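In: my questions concern the predicted model and sequence given below.
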Amino acid sequence: MTTALAPYRRPAEDVVHDLGGDPAKGLTSGEARARLERDGPNTLPAARGRGPVTRFLLQFNSPLIYVLLVAAGVTALLGEHVDAVVILGVVIVNAVVGFVQESRAEKALTALAAMARTTATVVRDGTPRRISAAELVRGDLIELDAGDKVPADLRLLRTDELAVDESALTGESMPVAKD
């Protein structure tokens, strides 16, 4: 019994053919559209955000806040109701400020993510064209030029002195040669 070789161990052209592509012309536009509809966009699933009530309640999840709440309770038991209300007021103001700052930070991150959309040069129907990386599908041929971001997991067909900055993934400070 023989097992099939993993795709990374097989000749690149064989892998392209197995994916229904052509090593020179890439996929057809129709096939790419069908794969995009079937498999979905080339994006990571969006993280489920916490609702506003949960985010507000999480502002109270801190050891310092626990100490202040205990201090407010002890102060109230000792009959110092004004001091207890002041301490509770400080805790609530702190939670409101933290909630507002966290909400603004989330909006800023969402805006930055929208601005940093990656594009790629893909060969479809034998013609290179620039598209959003989210529209890439399995089997697409991608052309990389100097300075391009690698838009997806790729199998290299041809390279000419290719070096990739992998610092975001591995922490390496120097580009890594690829072949």
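Out: Now that the structure is in, tell me what you want to look at.
In: could you check how far V90 is from P52?
Out: 22 Å (C-beta to C-beta, to the nearest Å). Where you see a C-beta, it was placed from the backbone N, CA and C, and this is true even at glycine.
In: low-confidence bits of the protein, can you list those?
Out: For the chain, the stretches with pLDDT under 70 are 1-3.
In: what are the boundaries of the strands in it?
Out: 119-124, 127-132, 141-143, 162-164, 176-178 (DSSP state E).
In: off-centre distance for the fourth one?
Out: Read that as strand 162-164. Remark: strand 162-164 is offset 22 Å from the chain centroid, using C-alpha atoms, centre = their mean, to the nearest Å.
In: and if you look at the third one?
Out: Taking the mean of its C-alpha atoms, strand 141-143 sits 21 Å from the chain's own mean (C-alpha atoms, centre = their mean).
In: same question for the first one.
Out: Taking C-alpha atoms, centre = their mean, one finds the center of strand 119-124 at 20 Å from the center of the full chain.
In: give me the helices and strands touching the lengthiest helix in the chain, please.
Out: The longest helix of the chain (DSSP state H) is helix 81-115. Packing partners of helix 81-115 (3 or more C-beta pairs under 8 Å, 6 or more residues apart in numbering; DSSP states H and E): helix 52-58, helix 63-77.
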